[in-house]
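Novice: following is a predicted model, sequence given first.
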Amino acid sequence: MTFIEEPSRKTPILTETDVLVLGGGPAGLAAALAAAREGVDTMLVERYGCFGGVITQAMIGTIAWYRYANTVDAGGIGLEFETIAKNMEGSINIFGNIKNKDMIKTLEQEGLIVNGEPTYEVLDTEVFKHIADKLVQDANITPLLHCTAVDVIMEDQTIKGVITESKSGRQAIMAKRIIDATGDADIAFHSGVPFRKSPKNDLMEVTVNWGCSGINIGKFLMYVYLNPSSIGDWGETSGKEESSFTTYLVEPFNKAKVAGEIPKDVDIESFWTNYTDAGEITSFNGIHMTNIDPTDVWDLTKAEIEGRKRVLWAVEALKKYTPGFKKARLRSIGASLGTRESRKILGEYEITDHDVRNQARFEDSIGICPEFIDGYGIAIMPTTGRYFQVPYGIIVPQKVENLLVAGRCVAGDKISHAATRQMCCCIVTGQGAGVAAAVSIKDNVSCMQVSISKVQEALKKQGVRID
Ligand SMILES: Cc1cc2nc3c(=O)[nH]c(=O)nc-3n(C[C@H](O)[C@H](O)[C@H](O)COP(=O)(O)OP(=O)(O)OC[C@H]3O[C@@H](n4cnc5c(N)ncnc54)[C@H](O)[C@@H]3O)c2cc1C
């Protein structure tokens, strides 16, 4: 690589705040809400035009699809997202329109319908854009959209501020505590925090999502009923979830491959995650592209363009080979591709495969997560009450004193990532980071030295289950 030398320049300070959260996905939203609710000045900065991260940019509303009758849940802001969405008609009861009694019985037996109610609803990802705005405004958080964090201002082991770029130019935001919820650990990276990133051919795939309208939902559901898919069809299970119902769809794409309409080596296998009375399925999670580094702008560009091409193939296959899709139309493509894995910080503690599979318990717990592992070909669902505690150590990076990291980039080994990347866990680490940042400011101590018992007390008051 060749370089140019930029002239030194003065950068205007846009504003100052107590807690600065970078990235407005599930983790960043939770972090900002939690900090603001502890009474400190909080600012939430997001590079795109709406908050929500993968929820709103990649149209993933299945924040709680893991939930079965016996699942022990985290509580806190994750549950709040679901409740508020339901109250604002911002979620979809995916099982609500099923009329077939046998299918309802199956779902009841599996613990996905309890006393006539579904164990989860799917967020309407368009409405969630507004819900996130409202939550941010109601909590008196200062929002900043269309603004990307590109660098940090370091003094010894402390980040004094973050450099941003936007239509207003290059500006600095000064802060006492920083929470990196960028998904890719951008701030940790710029601060020199040690991190790991698997070689790109080992990283989880990236995905361009799409939605369709014009579907005959009744016909489609009958097809699903007659051709049921189970969790065992797409991953190595622990046995108990092997035959559990799931919204996995692969037959139409395989038929298109046999007919030579989709190249055989292209990975298209979709989860359809909702449907509406208006004849829509607004989220197909089905284009899986590997060998992409989500921190490389060339790779991101290639994947967006290739992904959209594959979406059109997929829609044609749906129309041709899926009952109910004859008159379907492509209606939406995610505003951005969705990333599952990139940089992971090296933290004070590295959560492990063993921890997430064996109900680990930690004295510095900031919350719990049901035993839910989805990734690297493994699919373990929390059909029982098993859960692990989430230790504070995985959000505390090495070296920098006033930085916390939340969301999918927290510290941990390969398989644990298949658990900590789930939105429910990202929200737990976000809420923990927000509260810890606030407590550390009030007590005037570094993030590493914060009193865990005070953090736990505050989290409990915010409705989080700690043990
Ligand atoms: C296709 C797909 C399907 C998935 N399905 C599910 C599912 O069904 N259920 C589930 O629980 N999980 C699912 N996941 C995983 C889950 O959605 C993510 O792991 C989770 O959203 C990560 O949350 P986050 O807040 O850490 O990051 P993100 O959701 O990625 O949010 C990061 C935010 O930071 C912003 N940002 C990034 N860099 C900067 C910067 N430098 N400056 C300012 N802003 C920045 C981004 O624009 C984004 O809004 C899925 C993931 C993908 C990709």
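Specialist: Arrived safely, thanks for sending.
Novice: and the longest strand along the chain, what's buried?
Specialist: For the chain, the longest strand by residue count, based on DSSP state E, is strand 169-180. Neighbour counts using 16 or more other CB atoms under 10 Å place 171-173, 175-180 of strand 169-180 among the buried residues. For every residue, glycine as well, the C-beta is placed using N, CA and C.
Novice: one more: stretch 393-410?
Specialist: Buried, per 16+ other CB under 10 Å, within stretch 393-410: 393-397, 400-410.
Novice: of these, list those near the ligand.
Specialist: By CB under 6 Å from any ligand atom, the members of these lying near the ligand are 407-408.
Novice: okay, among the buried residues of stretch 393-410, which ones form the most distant pair?
Specialist: Farthest pair in the buried residues of stretch 393-410 (CB to CB) is Glu401 and Arg408. Separation: 23.2 Å.
Novice: residue of the stretch 51-200 of the chain nearest the ligand, please.
Specialist: Proximity of the stretch 51-200 of the chain to the ligand (CB to the nearest ligand atom) peaks at Gly53, 2.4 Å away.
Novice: quick one: residues contacting the spatially closest residue to Val400 that is not a sequence neighbour.
Specialist: Nearest non-adjacent residue to Val400, counting by CB to CB, 6 or more residues apart in numbering: Ser191, 5.0 Å away. Each residue near Ser191 by CB atoms under 8 Å, 6 or more residues apart in numbering is listed here: 152, 154, 159, 397, 399-400, 403.
Novice: repeat that with 7 Å
Specialist: The contact partners of Ser191, taken as CB atoms under 7 Å, 6 or more residues apart in numbering, are 152, 154, 159, 400, 403.
Novice: using TSV, please lay out those together with pLDDT, secondary structure and distance to Ala31.
Specialist: Formatted as TSV, the contacts of Ser191 follow (pLDDT from 0 to 100; DSSP: H, G, I helix; E, B strand; the rest coil; distance: CB to CB, whole Å):
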residue	pLDDT	secondary structure	distance to Ala31
Val152	98	strand	17
Met154	98	strand	21
Ile159	98	strand	15
Val400	97	coil	16
Leu403	98	strand	12
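Novice: between those, which is nearest Met204?
Specialist: Leu403 (24.8 Å).
Novice: does that closest one really touch Ala181, like I thought?
Specialist: No. Assessed by CB atoms under 7 Å, Leu403 is found out of contact with Ala181, at 11.4 Å.
Novice: what's the burial count for the residue of the stretch 51-200 of the chain closest to the ligand?
Specialist: Neighbour count of Gly53, defined by other CB atoms under 10 Å: 29.
Novice: and the gap between the closest residue to it other than its chain neighbours and Thr339?
Specialist: Excluding the flanking residues, the one nearest Gly53 by CB to CB, 6+ apart is Gly25, at 2.1 Å. Per CB to CB, to the nearest Å, Gly25 is found 10 Å from Thr339.
Novice: could you do Ile4 as well?
Specialist: Distance from Ile4 to Thr339, by CB to CB: 29 Å.
Novice: same question for Ile351.
Specialist: Remark: distance between Ile351 and Thr339 (CB to CB) = 20 Å.
Novice: that older thread, next one, pLDDT for the residue of the stretch 51-200 of the chain closest to the ligand please.
Specialist: You'll see Gly53 listed with a pLDDT of 98.
Novice: same question for the one 4 residues further on.
Specialist: Model confidence at Gln57, expressed as pLDDT, equals 98.
Novice: surely it touches Arg47?
Specialist: No. Using CB under 7 Å, Gln57 is not in contact with Arg47; the gap is 10.0 Å.
Novice: the two - which one has more neighbours?
Specialist: Gln57 (25 against 21).
Novice: not counting sequence-adjacent ones, nearest residue to the more buried one?
Specialist: Ser336 (4.2 Å).
Novice: which residues touch the one you found?
Specialist: Counting by CB under 7 Å, 6+ apart, the residues that Ser336 touches are 48, 57-58.
Novice: filter those down to the ones near the ligand?
Specialist: Applying CB under 6 Å from any ligand atom to these, those adjacent to the ligand are 48, 58.
Novice: just to revisit the earlier point, then the next helix or strand after the longest strand of the chain to PDB, C-alphas only?
Specialist: Following strand 169-180 in sequence order, the next helix or strand is helix 186-191 (DSSP states H and E). The C-alpha trace of helix 186-191 is given here as PDB (Å, rounded to 0.1, in the frame of the first residue of the first chain):
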ATOM      1  CA  ASP A 186     -14.100   0.200  15.300                       C
ATOM      2  CA  ILE A 187     -13.300   2.400  18.400                       C
ATOM      3  CA  ALA A 188     -11.400  -0.300  20.100                       C
ATOM      4  CA  PHE A 189      -9.400  -0.800  16.900                       C
ATOM      5  CA  HIS A 190      -8.600   2.900  16.600                       C
ATOM      6  CA  SER A 191      -7.600   3.000  20.300                       C
END
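Novice: helices of the protein, start to end?
Specialist: Counting by DSSP state H, one finds helices in the chain at the ranges 26-37, 54-57, 76-87, 101-110, 125-138, 186-191, 217-226, 251-258, 297-321, 353-357, 414-420, 423-442, 452-461.
Novice: show me what contacts Gly324?
Specialist: Contacts of Gly324 (CB under 7 Å, 6+ apart): 215-217, 219-220, 223.
Novice: check Asp18 too.
Specialist: 40-42, 175-177, 441.
Novice: so is stretch 83-101 next to the ligand?
Specialist: No. Shown here: stretch 83-101 not in contact with the ligand (CB under 6 Å from any ligand atom), separated by at least 12.1 Å.
Novice: ignore what I typed, I meant stretch 430-439.
Specialist: No. Between stretch 430-439 and the ligand, judged by CB under 6 Å from any ligand atom, nothing touches; the nearest distance is 6.8 Å.
Novice: excluding covalently adjacent residues, which one is nearest to the closest residue to the ligand within the stretch 301-450 of the chain?
Specialist: Closest residue of the stretch 301-450 of the chain to the ligand, CB to the nearest ligand atom: Gly407 (2.1 Å). Among residues not flanking Gly407 along the chain, Ala27 sits closest, at 3.0 Å (CB to CB, 6+ apart).
Novice: do I have it right that the one you found meets Ala181?
Specialist: Yes. Counting by CB under 7 Å, Ala27 does reach Ala181; the two are 4.2 Å apart.
Novice: more neighbours: which of Ile4 and Thr339?
Specialist: Shown here are Ile4 and Thr339; by other CB under 10 Å, Thr339 has more neighbours (25 against 4).
Novice: who's in contact with the more buried one?
Specialist: Per CB under 7 Å, 6+ apart, neighbours of Thr339: 183, 206, 294.
Novice: out of those residues, which touch the ligand?
Specialist: Gly183.
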